[in-house]
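> fold the following, please.
(one chain, ligands or ions: 2)
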Amino acid sequence: MKTNTESESRKLLGRLRDALAEDSPGQQRLDKIVHLIASSMATHVCSIYLFRDADTLELCATEGLNPEAVHKTLMRLSEGLVGRVARTRKVVNTADAPTTRGFRYMPETGEEVFPAFCGVPIQRLGETLGVLVVQAKEARRYSDDEVYALEVVAMVLAEMTELGVLTGGDDYSSARHQQPVLMRGGVAQEGVSEGHVHLHEPRVVVTNPIADDPQAELDRLGAALDTLRVSVDQLLADARSVDRDQVEVLETYRMFANSRGWRRRMEEDIDRGLSAEAAVEKEQSAARTRMGQVADAYLRERLHDLDDVSNRLLRILTGQSSTASEMPKDAILVARNVGPGELLEYGRKLKGIVLEEGSVGSHAAIVARAWAIPLIINVKGITTEALSGDHIMVDGEQGIVHLRPDDSVSTAFRDKIAMQNEAQSRYATIRDLPATAKCGSTVSLHMNAGLMADLPSLPTSGAEGVGLFRTELQFLVRNQMPRRAELVALYKRVIDAAGEKPVVFRTLDIGSDKVLPYMKPQDEPNPALGWRAIRVGLDKPGVLRMQLQALIRASEGRPLHVMFPFVAQFEEYRSGCNELDKVIERERKLGHVLPSRIKVGAMLETPSLAFAPRKFFEEVEFLSIGGNDLKQFFFAADRENELVRKRYDTLNVSFLSFIEQIVLRCQSTETPLSFCGEDAGRPIEAACLAAMGMRSLSMRPASIGPVKHLLRRINLDELKEVIDNARADGLQSVRQPVMDFLRNKD
Ligand code: PEP
Ligand code: MG
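Ligands and ions are numbered 1, 2, ... in the order given. Next comes the predicted model:
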């Protein structure tokens, strides 16, 4: 049996829908809504406050307060009870407003005569859009049922605001998703670009928040939940044999799909007059709000799962697919996070990427770097603020995103792009010249690669060769282990494309953050310090052998460079060489042509290898410093963890001194040495590495021009002196004196 309050609330929603359906300007609709709410709740005042900008709420409609105050009364987020509701996203319900924490007296509204106050946030999927307030002259608290009814109404208002129903057609200026917004994040890949938003997961639009027939809505919800359960069970059955992590997540999904509490709350919302999809969204909103408030990581993860399940349920109810919108020509991808495989599916059409989460050391970042498109990470709120098709400008130099920029921002931004293009033309003029510094020392510059899409950059970037070919990228983007014949064809294309230029193939570097979707994941407490790279290759040599065979066959009698990743001790290098010797022997017996010359090197990515016996340095044919890993172990700071990663500058004197020691050791045994971490592609860092004696750097193709340009303008001996002086002065980082020195060169 339905309670009185439920039918009252349904009646109110029904009247609200009629008001919204009328073809009247936004302001009239707002006025009508506050009037309806005040009269049906028998309360003296009802007001709607909406955000004018990120920090200010504007009184947009009122029944009961001074009408003159509409669009004039502004409240900062830090002020008043209204500000408190918006800030905390929690209901404030009091019988004695003036003595309640946060109260601010607003004479222009005549508010002092209303002791009863109840404010509920108007929010959609965790994004607060405004505050709905009721007030009364008698000192009373609104009942739980009344508060609940207000929350349901606020939910409908949020949906209407989202659709522009309340804001279109008049002078109301703070329409959501229409105003220019500047957002900040962290730089994961430099560059600037302009385009239109393509949402990785387009938001579901609910066009019918209010429903007439609760029974029909309950039936729809029940049927959608059944479909959800079947689809989750199917996913679980598929995932069981492959991926334990995914199974865990799906088990949680199933728990939610079967949750009585979740279903009951949604059914109550429907009983109050919401449609099935609006009920799902109301609960999703509440979960998102909690997500932002709980400190416990496990609980937050579960709320994330509930969010995903709600999205699935919404898509079932609305029939909107997750890839509904077509990709614009100049697409800038906006996502919560994205994996390297998903990114590669978009292909090279993307002009930039903006992520709400993400990390600098991730593989998605490496792919973006290879494509030379700007990537900004940790941009809080971008997925709720941006709509597919929005005009967007991404400044990957400063980590700034301009969403729906106004004309002055657009003009300044385009000037910046033009300047970048000019710089590119400057770099093109020195493309075929060596990176010879003023002191006469020459640094050879190579490029990092790993995708077929990288190959065209080899002739155009001015790279002398490929200093690091990350073979695991080809393994990461597939759904199953590539076969040997496929690898032979692939490596042959790489070697053919390189022509006379050398390509250093790094054998499979998996583990840590690079988890192959088709390999059983290890349950390791510290994957970065775990079973990865050469450790996997030596313990389970099947894949390593197949890869080495494929490389030998692809070389077709030409020279071959093989590099083992993550070698921490001499023995591992030797064991790797033994594996290679066995493979060579086998290939010889099978009658395959052998490479004319095989050079075998190792990556120096752990401090231990820098202190290996002299014999190692004599035996190894070349070394390449993997600065990304080396730095994380040197400073004990996870390269994927933005909190700690940023604390330690590459130009820290300890790190530079360590690099210098490695250079000296290699010089004493004449071991060729290179540096292939991301720092090699940052001009200032590259110049300092060169000043410490590095004579070979390998970087993303787009960095070769800027690095060469800087190296040709400076004297490395002078720069070394600046670094030495900074060290003598006891500085922690040489960045500032180096910047001063470089500035004076202009
Ligand atoms: C490195 O660690 O510096 C490196 C080049 O390897 P990756 O980034 O692929 O781990
Ligand atoms: Mg590495």
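
> tally of neighbours for Glu345?
10 (other Cβ atoms under 10 Å). Heads up, the C-betas are built off the backbone N, CA and C, glycines and all.

> ah, wrong one, I meant Ser78
11.

> that one: which element?
Using DSSP states H and E, Ser78 is not contained in any helix or strand.

> helix, strand or coil for the nearest residue to it once chain neighbours are set aside?
In this structure, Ser78 finds its nearest non-sequential neighbour in Arg87, 7.3 Å apart by Cβ to Cβ, 6 or more residues apart in numbering. Assigned by DSSP: H, G, I helix; E, B strand; the rest coil, the conformation of Arg87 is helix.

> numbering from 875 from now on, please.
Shifting the count to begin at 875 puts that one at Arg961.

> which residues of the protein lie near ligand 2?
1479, 1500, 1503 (Cβ under 5 Å from the ion).

> if we can go back for a sec, gap between the residue nearest to Ser952 and ligand 1?
41 Å (Cβ to the nearest ligand atom, to the nearest Å).

> am I right that that residue is in contact with Gly954?
No - under the criterion of Cβ atoms under 8 Å, Arg961 makes no contact with Gly954, lying 10.2 Å away.

> who's more crowded, those two?
Between Arg961 and Gly954, Gly954 has the larger neighbour count (other Cβ under 10 Å), namely 23 against 17.

> what residues does this structure have near ligand 1?
By Cβ under 6 Å from any ligand atom, the residues of the chain that approach ligand 1 are 1342, 1344, 1383, 1479, 1500-1503, 1550-1551.

> out of those residues, which are buried?
Applying 16 or more other Cβ atoms under 10 Å to these, the neighbour count classes 1342, 1344, 1383, 1479, 1500-1503, 1550-1551 as buried.

> which one of those residues is nearest to Asn1526?
Asn1526 lies nearest to Gly1501 out of those, by Cβ to Cβ, at 12.3 Å.

> the closest one reaches Leu1530, doesn't it?
No - the criterion here is Cβ under 8 Å, and Gly1501 misses it with Leu1530 at 11.4 Å.

> over to Leu886. Which of the three states is it?
helix.

> could you give the number of residues near it?
23.

> look up phi and psi at Lys1254.
Backbone torsions for Lys1254, taken as degrees, to the nearest 10, come to phi -60, psi 130.

> distance of it from Val1055?
12 Å (Cβ to Cβ, to the nearest Å).

> more neighbours, the two?
Using other Cβ under 10 Å, the more surrounded residue of Lys1254 and Val1055 is Val1055, with 19 against 13.

> the more buried one pairs with what?
Taking DSSP bridges as the rule, Val1055 bridges to Leu1277.

> so how far is Glu1219 from Asp1280?
From Asp1280 to Glu1219 the distance is 34 Å (Cβ to Cβ).

> now do Met1566
Distance from Met1566 to Glu1219, by Cβ to Cβ: 41 Å.

> now do the domain split for this protein, please.
Using automatic domain parsing, the domain parsing of the chain gives 878-1037, 1055-1076+1200-1288, 1088-1192, 1303-1394+1401-1617.

> dump those domains to a markdown table, plus mean pLDDT.
Shown next, in a markdown table, are those (pLDDT from 0 to 100):
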| stretch | mean pLDDT |
| --- | --- |
| domain 878-1037 | 85 |
| domain 1055-1076+1200-1288 | 86 |
| domain 1088-1192 | 82 |
| domain 1303-1394+1401-1617 | 94 |
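
> dump those into a markdown table; add distance to Gln1294 as well.
Formatted as a markdown table, the domains of the chain follow (distance: least, Cβ to Cβ, whole Å):
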| stretch | distance to Gln1294 |
| --- | --- |
| domain 878-1037 | 29 |
| domain 1055-1076+1200-1288 | 6 |
| domain 1088-1192 | 37 |
| domain 1303-1394+1401-1617 | 10 |
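
> count the residues that sit near Leu939.
24.

> phi and psi next, for it.
phi -90, psi 170.

> for it, which non-adjacent residue is closest in space?
Leu939 sits nearest to Thr983 (Cβ to Cβ, 6+ apart), 4.3 Å away.

> and the gap between that neighbour and ligand 2?
62 Å (Cβ to the ion, to the nearest Å).

> so that residue touches Leu933, yeah?
Yes - assessed by Cβ under 8 Å, Thr983 is found in contact with Leu933 at 7.3 Å.

> any idea how far ligand 2 is from Thr1163?
On the measure of Cβ to the ion, Thr1163 and ligand 2 end up 40 Å apart.

> so which elements touch whatever helix or strand Ser1531 lives in?
Per DSSP H and E: Ser1531 is located in helix 1527-1543. Here helix 1527-1543 touches helix 1481-1484, helix 1488-1493, strand 1496-1499, helix 1501-1508, strand 1547-1549, helix 1590-1602, going by 3 or more Cβ pairs under 8 Å, 6 or more residues apart in numbering; DSSP states H and E.

> can you rerun that using 10 Å?
helix 1481-1484, helix 1488-1493, strand 1496-1499, helix 1501-1508, strand 1547-1549, helix 1557-1565, helix 1590-1602 (3 or more Cβ pairs under 10 Å, 6 or more residues apart in numbering; DSSP states H and E).

> can you check what angle separates it from helix 1590-1602?
Going by axes from the mean of the first three to the mean of the last three Cα atoms, to 10 degrees, helix 1527-1543 is angled at 130 degrees with respect to helix 1590-1602.

> in helix 1527-1543, what counts as buried?
Applying 16+ other Cβ under 10 Å to helix 1527-1543 flags 1527, 1529-1530, 1532-1534, 1536-1537, 1539-1540 as buried.

> let me know how buried the closest residue to Tyr1220 other than its chain neighbours is, in neighbour terms.
Using Cβ to Cβ, 6+ apart and skipping residues adjacent in sequence, the residue nearest Tyr1220 is Leu1207, 6.5 Å away. Around Leu1207 there are 24 other residues, counting by other Cβ under 10 Å.

> contacts only, for Leu1207.
1069, 1071-1074, 1201, 1216-1217, 1220, 1223-1229, 1242, 1247, 1249 (Cβ atoms under 10 Å, 6 or more residues apart in numbering).

> and Val1078, by the same measure?
999, 1151, 1154-1155, 1158, 1184-1189, 1191-1196, 1198.

> got phi/psi on it?
phi -80, psi 130.

> what does the pLDDT read for it?
For Val1078, the model assigns a pLDDT of 76.

> if any of the contacts of Leu1207 are buried, put those into a PyMOL selection.
Here is the PyMOL command that picks out the buried ones among those, judged by 16+ other Cβ under 10 Å:
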select buried, resi 1069+1071+1072+1073+1074+1217+1220+1224+1225+1226+1227+1228+1229+1242+1247+1249
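
> helix, strand, or coil at the residue in the stretch 925-1074 of the chain that ligand 1 sits nearest to?
Closest contact between the stretch 925-1074 of the chain and ligand 1, by Cβ to the nearest ligand atom, is at Ala1062 (12.9 Å). For Ala1062, the secondary-structure state derived from three-state DSSP is strand.

> so what's the residue count around it?
Counted with other Cβ under 10 Å, Ala1062 comes out at 26.

> correct me if wrong: it contacts Glu1231.
No - Ala1062 is not in contact with Glu1231 according to Cβ atoms under 10 Å; the separation is 11.2 Å.

> related to what we said a few turns ago, need the contact list for the residue of the stretch 925-1074 of the chain closest to ligand 1.
1227, 1229, 1232-1236, 1238-1240, 1242-1243, 1248-1252, 1270, 1273, 1516, 1552.
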